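# could you work out the structure for the sequence below:
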Amino acid sequence: MSTVNRRHWLQASGALALGAVIGMPAIATAQVNTAQPVRVIVPYPPGAATDALSRLLAQALEKAAGTNFIIENKSGAGSQIGTKAIATAAPDGQTLGFIDTAFAINPGLIGTALPYDTDKDFTPLSLMASAQLVLVVHPSVKVNSMAEFVTLGKAKPGTLNYGSAGVGSAPHLAGEQLRGAAGVDVMHIAYRGGATVITDLLAGQIQFGFFTVPTMYDHIRAGSVRALAVTGDARSPRLPDVPTMAEAGLPAVDATPFFGLIGPAGLSPQTVSQLSQAASEAVRSGPLRERLVEMGFVPVGSTHDEFAQRLQAEIAKWREVIRVGGIKPDA
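Numbering: from 1, shown residues only. Okay, here's the model as predicted:
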């Protein structure tokens, strides 16, 4: 379902070429037309985490590029509608996309039924940030560590239920990774949205769940849930006392969501270089980086090549998790 466009206007001093503003020679040919706004398609409704991050990046890019970046929400079909719109856009640098982990999950989950080719129809530009997942339990679950959680799960198979926003979501697949790595029989409940999952967890209707650190931070501080471990290579700065899954002996549980900027296939090398550099620099320094850290995200700001390699690794990883788990998409 398409939703309302939201404009981020910049009071720019003159029509500056993108290359000049990010430190490249002004004589370089700028493939992005700064006289026209750049459309950034987000395959989710307004208010979702991916949408919120896209708006922060759009504000930062406006200041770097000297042109307007307009967020256009095209949600539906597990992000397929908006992602297809990115794939079919003209490769002129005026239409970009902001995607998350679903982009890498869908090839293994949906397969050839996808209305686009993930390998051929897109140009990765920059990995903006990641958001560690934290496994939290309701206080009624009397465990204080992952070791105790696994022991309880093995002693009472099928009694620990967790929820996610849908089959194939990162929190769902994190549970599948946990099932395989720890050998525990946990039960997945697919919801139609993330807010309901939180409501049911806080009410004790489900026993645990995987959530991004920014989403669950206030509930952890309030004692409404208990945090056992986080995904990722290092502990979360916001939860320094919570061990990583690797520290807890479960390094295979690594479903850390990511968020990044892409474009359609066929973008010119100059456009790729300029947009990638602008996005990377915006994330690696200044107010945007500070804001991301404050919100509990992990800033990345990768290059085009680094993001391309990360996407290939993520696609392969999730394809295998889905195959081993025998996971099928919702009907």
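
# would you verify that residue 305 is located in a helix?
Yes - assessed with DSSP: H, G, I helix; E, B strand; the rest coil, residue 305 lies in a helix.

# and it, how many neighbours?
Residue 305 is flanked by 11 other residues according to other C-beta atoms under 10 Å. C-betas here are computed from N, CA, C, even on glycine.

# next up, the contacts around it.
Applying C-beta atoms under 8 Å, 6 or more residues apart in numbering to residue 305 gives no contacts.

# can you check residue 40 too?
Residue 40 neighbours (C-beta under 8 Å, 6+ apart): 54, 57-58, 69-72, 95-98, 261.

# helix or strand for it, which one?
strand 38-42 (DSSP states H and E).

# send the alpha carbons of that strand over as PDB?
This file holds the C-alpha atoms of strand 38-42, laid out as PDB (Å, rounded to 0.1, in the frame of the first residue of the first chain):
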ATOM      1  CA  VAL A  38      16.000  12.500  -5.300                       C
ATOM      2  CA  ARG A  39      13.300  10.000  -4.500                       C
ATOM      3  CA  VAL A  40      14.200   7.400  -1.800                       C
ATOM      4  CA  ILE A  41      11.800   4.400  -1.800                       C
ATOM      5  CA  VAL A  42      11.300   2.700   1.500                       C
END
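
# and that strand, which strands flank it?
Strand 38-42 has its sheet partners listed here by DSSP bridges as strand 69-73 (parallel), strand 95-100 (parallel).

# want to try TSV for those strands, with distance to residue 265 and mean pLDDT as columns?
Listed next are the strands paired with strand 38-42 as TSV, based on distance: least, C-beta to C-beta, whole Å; pLDDT from 0 to 100:
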stretch	distance to residue 265	mean pLDDT
strand 69-73	19	96
strand 95-100	12	97
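
# single out the most deeply packed of those.
Highest mean neighbour count of these: strand 95-100, a mean of 25 (counted as mean count of other C-beta atoms under 10 Å).

# doesn't residue 246 fall inside a helix?
No - assigned with three-state DSSP, residue 246 falls outside any helix and is coil.

# could you find the closest non-adjacent residue to it?
residue 233 (7.7 Å; C-beta to C-beta, 6 or more residues apart in numbering).

# residues near that neighbour, how many?
Here the number of neighbours of residue 233 (other C-beta under 10 Å) works out to 12.

# what do you get for residue 39?
18.

# what pairs with it across the strands?
Bridge pairing for residue 39 - DSSP bridges - gives residue 70, residue 95.

# list the contacts for it?
70, 72, 89, 94-96.

# with residue 235 instead?
Counting by C-beta under 8 Å, 6+ apart, residue 235 makes contact with 242-244, 247.

# can you tell me how far it is from residue 298?
Residue 235 sits 11 Å away from residue 298, going by C-beta to C-beta, to the nearest Å.

# cool, and residue 234?
Note on residue 234: its distance to residue 298, by C-beta to C-beta, is 9 Å.

# more neighbours: the two, which one.
More crowded of residue 234 and residue 298, by other C-beta under 10 Å: residue 298, with 18 against 12.

# nearest spatial neighbour of that one, chain-adjacent residues omitted?
Counting by C-beta to C-beta, 6+ apart, residue 130 is the residue found nearest to residue 298 once chain neighbours are left out, at 4.7 Å.

# touching, residue 229 and residue 242? I think so.
Yes - between residue 229 and residue 242 there is a contact at 6.4 Å, judged by C-beta atoms under 8 Å.

# now the residue nearest to residue 284 when sequence neighbours are not counted: how far from residue 292?
Nearest non-adjacent residue to residue 284, counting by C-beta to C-beta, 6+ apart: residue 301, 4.0 Å away. Distance of residue 301 to residue 292, given as C-beta to C-beta: 10 Å.

# again with residue 106
Separation of residue 106 from residue 292 (C-beta to C-beta) stands at 25 Å.

# next: residue 109.
Separation of residue 109 from residue 292 (C-beta to C-beta): 28 Å.

# also residue 151?
36 Å.

# and the two? Which one has more around it.
Neighbours were counted for residue 151 and for residue 292 using other C-beta under 10 Å; residue 292 has more, 24 against 14.

# what about the more buried one, which SS state?
Here residue 292 is helix, with the state taken from three-state DSSP.

# what of residue 228?
Put simply, residue 228 is strand when judged by three-state DSSP.

# residue 247 is in contact with that one, correct?
No - assessed by C-beta under 8 Å, residue 228 is found out of contact with residue 247, at 11.1 Å.

# mutual contacts of the two, please.
Here residue 228 and residue 247 share no contacting residue, scored by C-beta under 8 Å, 6+ apart.

# with neighbour numbers in mind, choose between these two.
Neighbour totals were compared for residue 228 and residue 247, and residue 228 leads with 22 against 14 (other C-beta under 10 Å).
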